[in-house]
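Undergrad: next one to model:
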Amino acid sequence: MKGLVVNNENNIELRNNLIKPVAGQGEILIQIKSASVNPFDVESAKGTYDGYFAEYGFDKEVKTGLEFSGVVMSDGENFSHGDNVFGYVHMLTGWKTHAEYIAVDENYVALMPDELSYSQAAAIPLGTLTTLVALQDLGHLKAGMKLLINGASGGLGIQGIQIGKILGAHVSAIAGSEQEEFLLSYGADQVYDYNQTKIGDIAGTFDVILDLTNVQKLEHIKPLLTPTGIFIPGEPNDENGGLLEDPQVAYLMVAHGDLTKLTQIANWVSEGRLKAVIDSEFSFADYQQAIARVKVKGRRGRIIMSW
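TA: Numbers count the residues shown, from 1 in each chain. Reported below is the predicted structural model:
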């Protein structure tokens with residue numbers, strides 16, 4: 001089996017002699033067609049998550065790749081051989097998606113929307129599921145509320161805009177130069193260029209602020225929140241206030257896929273309410289170019305690799 005492996009120098013390399021996984025209890029075997037490349041993969045290669053991997057007993061050769069699309073190769077309780085599926089593997093344990101095959105918990109997977117290609121389907125699960133949990137479950141976003149997304153042009157931000165509109169909110173977005181027309185096309189009601197408008201200078205208050213840049217701090221965001229508003233840092237930590245027991249901050253952590261929510265997401269795609277957004281596509285053979293693209297600012301959507 002082919003797959004991307006982190007070598008002893010913490011560099012990613014493509015190997016073709018990996019052992020093909022075997023599906024265990026509650027799992028299905030999936031042939032990967034496409035998978036995304038995310039900042040997580042760069043951090044994982046550097047060893048950022050090695051402590052967590054050890055805690056969770058992670059022992060697989062492939063340690064990069066979280067979301068995917070592919071074909072089911074073994075029958076399970078919810079899926080059958082030949083089903084096209086998409087999903088999001090567990091972040092800290094189990095098989096990762098930068099390989100030709102994975103064995104994954106059935107509950108982390110859903111049937112792929114017929115309207116999508118494999119590349120498009122692989123661009124959806126992680127970002128859409130994470131922003132759905134952030135906005136619906138943590139932010140309690142409802143019709144008529146005001147949402148502000150900071151860092152809105154990336155893979156999570158664009159899905160957050162679309163989820164916000166599906167939930168009926170007024171969506172304001174902050175991104176870099178020349179992103180306004182692009183973000184308006186995905187449903188944003190108002191777009192701010194952070195080179196021209198600092199977040200603290202934005203007029204009005206918001207019911208939910210989702211910060212995907214991980215730069216803003218709760219103390220600076222509070223003046224922009226309504227009295228019951230919620231601040232959601234993309235990666236909560238001590239510096240941004242994401243770990244505080246403050247009623248106006250929410251702890252965001254979506255560690256794996258969710259069958260029910262992914263099925264809802266697939267239905268929204270089929271209804272034309274949610275679109276996959278791809279920044280660029282590469283073959284797995286060109287993985288170095290894909291990884292380099294992750295480090296470029298101003299990306300629009302997901303970076304995808306396909307076999």
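Undergrad: quick one, helices of the stretch 201-307 of the chain?
TA: 218-221, 259-270, 287-294 (DSSP state H, counting those that start in this stretch).
Undergrad: so which of those helices gets nearest residue 27?
TA: helix 259-270 (13.2 Å; Cβ to Cβ). (Glycine included, C-beta is placed from N, CA and C.)
Undergrad: and that closest one, how far from the chain's centre?
TA: How far helix 259-270 lies from its chain's middle: 15 Å, per Cα atoms, centre = their mean, to the nearest Å.
Undergrad: pull the residues that contact that helix.
TA: Residues outside helix 259-270 that contact it (Cβ atoms under 8 Å, 6 or more residues apart in numbering): 78, 86-88, 106-116, 124-125, 128-129, 132-133, 166, 274-276.
Undergrad: where does the closest residue to residue 188 other than its chain neighbours land in three-state SS?
TA: Spatial nearest neighbour of residue 188, chain neighbours left out: residue 173 (4.3 Å); criterion: Cβ to Cβ, 6 or more residues apart in numbering. With DSSP: H, G, I helix; E, B strand; the rest coil as the basis, the three-state label of residue 173 is strand.
Undergrad: beta partners of residue 173?
TA: In this entry, residue 173 is beta-bridged to residue 149, residue 191, by DSSP bridges.
Undergrad: wait, it sits on residue 187?
TA: No. Contact criterion Cβ atoms under 8 Å: residue 173 and residue 187 do not qualify, at 9.3 Å.
Undergrad: quickly list what's touching both of these two.
TA: Here residue 173 and residue 187 share the contacting residues residue 161, scored by Cβ under 8 Å, 6+ apart.
Undergrad: looking at the two, which is more packed in?
TA: Neighbours were counted for residue 173 and for residue 187 using other Cβ atoms under 10 Å; residue 173 has more, 29 against 19.
Undergrad: show me what contacts the more buried one?
TA: Going by Cβ under 8 Å, 6+ apart, residue 173 touches 148, 149, 152, 153, 157, 161, 183, 188, 190, 191, 192.
Undergrad: can you do 10 Å?
TA: Each residue near residue 173 by Cβ atoms under 10 Å, 6 or more residues apart in numbering is listed here: 147-153, 157-158, 160-161, 164, 179-180, 182-184, 186-192, 210.
Undergrad: equivalent analysis for residue 62, please.
TA: Contacts of residue 62 by Cβ under 10 Å, 6+ apart are 1-6, 12, 15, 18, 21, 95-100, 102.
Undergrad: of these, just the buried ones, PyMOL syntax please.
TA: In PyMOL, this line selects whichever of those come out buried by 16 or more other Cβ atoms under 10 Å:
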select buried, resi 2+3+4+5+6+12+18+21+95+96+97+98+99+100+102
